[in-house]
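Chemist: sequence first, predicted coordinates after that:
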Amino acid sequence: MKTFLTIGLGCATAAAFAQLPEAIKLTEQEQFEKATSAFMAAVKANPKNGEAWFYMGENYFADGRTDSAAMAFRQGIEVNPSFPLNYAGLGKVLRDENKATEAQAQFNKATEVATLKTNKFGKQQIAVAYREVAEGLLAGKEPDFTGALALLQKGIDLWPKDAEAYILKGDALFDQNPRDGSAPLANYKTAMELEPLSAKPVARKAFMYYRAKNFTSSVEEYTNAIALEPGFAPAYRGRAEAYFMARDFDKATADMRKYLELNVGNTSARVRNAQFLFLVKKYDESLQEIQALEREGVKNLVLKRLKAFDLAEKGLFQAADSALHAYFAEQPMAKVLSVDHEYQAKIFQGLAKLAATDSTVRTMNATAASDSKYARLAQLNKHQDGSFKPTPFDSLAAERYLKAARMDPAKDHLFIEAAKAFTDAKAFGKAVSAMREKVKDGHAEANDCYYLGSMANRAGL
């Protein structure tokens, strides 16, 4: 569990002090709503408890509610400017929003406050501040591994008993170099030795194996985590995902049911369940869960995205297009994912087939003229008056596949999909360009050469 710092600082009532460890544990169990209630009670008991505001912000951040997280961190700074962690938390939110300069100012303030002699923080408190700043440096699309690892080591040198620092260091090392699992494993092992009864470091080790596609070892380590803490819900979710990747769908489903049982009534758990149902190709059940949450007033961008994906997989491309349109209208451009563009491409391909027999579908993309953000995403052609004219759906699909491939180097196969879509649109020159982009780094596969030659021939090159 994350280190509890208020001890000895004289800033918490007995009631608030008792509530915080329990609330922090609820966050780690992914019981975010229950944790929120506990944090609310803590700040009500002592509104100037900066630590309670910090962990409330952490709870919101873990639940994907970054706006609420920022508000909690700012409130913590306002009521207790001498508590360093809220600056680190706010910096993490800003960095997640790709505001690196503003984030760094908050990180600098966190370390300044933590090391200010008049605040009289001990080595443990300063080390935790370094750790939280390091965690913030790892947020966003461009993690600062060098800065984060340096701060983590600085904190470990100050206080070598911080298991959380070793867990975070293991995560950072694996993210920095996924091909080397030895260094992350050494750090997880140290964390396990420091907290032998905690499931968290074991679960992180399991997740590392999962990301390395060693699903057998991942299942084994998640099972070890569950043996340590049978109520540690994230281990059941993680094991469900590992079982799914190992194609053991029955065990995956059983673990996901256990995860829901442990988090009964938790909206976030139901959102994760909808995602899992999508993964196991139970699109109708996934949609039912999404629709039930929508009826309850839940507003969640993950659900909006997932709804479009479910509809696309069911072949309901017009409904999927509308759902994805609604998602793009709300999602900041900086947070649009490669997979979003990939599914938009699939939807456009589906619409292309429908357009062959349905004239209403043939021109529906022209209606995006009223929504410039969507039109920009769809790469629609613009008239001189600023309105948008229809573009063949196959061409739109190809452009989205290119965007998705460029955003995620692991999805270079999408260059082939782009080339095929350009070919369907009879844009043979663009098809050749897409294939050339696929093979430009010298990683061409046998079929790539075949596709490139075939498309070059059709383009007359």
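Modeler: Yes, it's here. Only a predicted model underlies this, so the values are computations on that prediction, with no experimental measurement involved.
Chemist: by contact count, what packs against the helix or strand where residue 394 lies?
Modeler: Assigned by DSSP states H and E, residue 394 belongs to helix 393-407. The helices and strands touching helix 393-407, judged by 3 or more CB pairs under 8 Å, 6 or more residues apart in numbering; DSSP states H and E, are helix 338-355, helix 413-424, helix 428-439. (Glycine included, C-beta is placed from N, CA and C.)
Chemist: please enumerate the helices of the stretch 1-150 of the chain.
Modeler: For the stretch 1-150 of the chain, the helices defined by DSSP state H, counting those that start in this stretch cover 14-28, 32-45, 50-62, 66-79, 85-96, 100-115, 123-137, 145-158.
Chemist: tell me which of those helices lies nearest to residue 341.
Modeler: helix 85-96 (20.3 Å; CB to CB).
Chemist: point to the residue nearest the middle of the protein.
Modeler: For the chain, the residue nearest the mean C-alpha position is residue 64 (8.2 Å; CA atoms, centre = their mean).
Chemist: pretty sure that one sits against residue 302.
Modeler: Yes - the pair residue 64 and residue 302 passes the contact test of CB atoms under 8 Å, sitting 7.0 Å apart.
Chemist: overlap in contacts, the two.
Modeler: Here residue 64 and residue 302 share no contacting residue, scored by CB atoms under 8 Å, 6 or more residues apart in numbering.
Chemist: got a markdown table for the helices and strands packed on helix 393-407, with mean neighbour count too?
Modeler: Shown next, in a markdown table, are the helices and strands packed on helix 393-407 (neighbours: other CB atoms under 10 Å):
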| stretch | mean neighbour count |
| --- | --- |
| helix 338-355 | 21 |
| helix 413-424 | 23 |
| helix 428-439 | 20 |
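Chemist: least confident of the ones you listed, on average?
Modeler: Here the lowest mean pLDDT among the helices and strands packed on helix 393-407 goes to helix 428-439, at a mean of 84.
Chemist: next SSE downstream of the host helix or strand of residue 293?
Modeler: In the assignment (DSSP H and E), residue 293 maps to helix 283-295. Next along the chain after helix 283-295, taking DSSP H and E as the criterion, comes helix 301-313.
Chemist: that next one: what's the following helix or strand?
Modeler: Later in the chain than helix 301-313, the nearest helix or strand by DSSP H and E is helix 317-330.
Chemist: any low-confidence regions in the stretch 301-450 of the chain?
Modeler: 360-391, 441-450 (pLDDT under 70).
Chemist: pLDDT at residue 289, what is it?
Modeler: At residue 289, the model reports a pLDDT of 95.
Chemist: isn't it up against residue 269?
Modeler: No - applying CB under 8 Å, one finds residue 289 not in contact with residue 269, separated by 10.7 Å.
Chemist: tally of neighbours for residue 33?
Modeler: Here the count is done by other CB atoms under 10 Å, and residue 33 has 16 residues near it.
Chemist: ok, now which ones touch it?
Modeler: Applying CB under 8 Å, 6+ apart, we find residue 33 in contact with 265, 266, 267, 268.
Chemist: select only the buried ones of the residues you listed in ChimeraX?
Modeler: In ChimeraX, a selection of the buried entries from the contacts of residue 33 looks like this (16 or more other CB atoms under 10 Å):
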select :266,267,268
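Chemist: which ones among the contacts of residue 33 map onto helices?
Modeler: Among these, the residues falling in helices (DSSP state H) are 267, 268.
Chemist: which of the contacts of residue 33 has the weakest pLDDT?
Modeler: residue 265 (78).
Chemist: distance check, it against residue 349.
Modeler: Distance, residue 265 to residue 349, by CB to CB, to the nearest Å: 40 Å.
Chemist: can you check residue 30 too?
Modeler: Counting by CB to CB, the gap from residue 30 to residue 349 is 36 Å.
Chemist: neighbours around the nearest residue to residue 292 once chain neighbours are set aside, how many?
Modeler: Among residues not flanking residue 292 along the chain, residue 270 sits closest, at 7.9 Å (CB to CB, 6 or more residues apart in numbering). Residue 270 sits with 21 neighbouring residues when counted by other CB under 10 Å.
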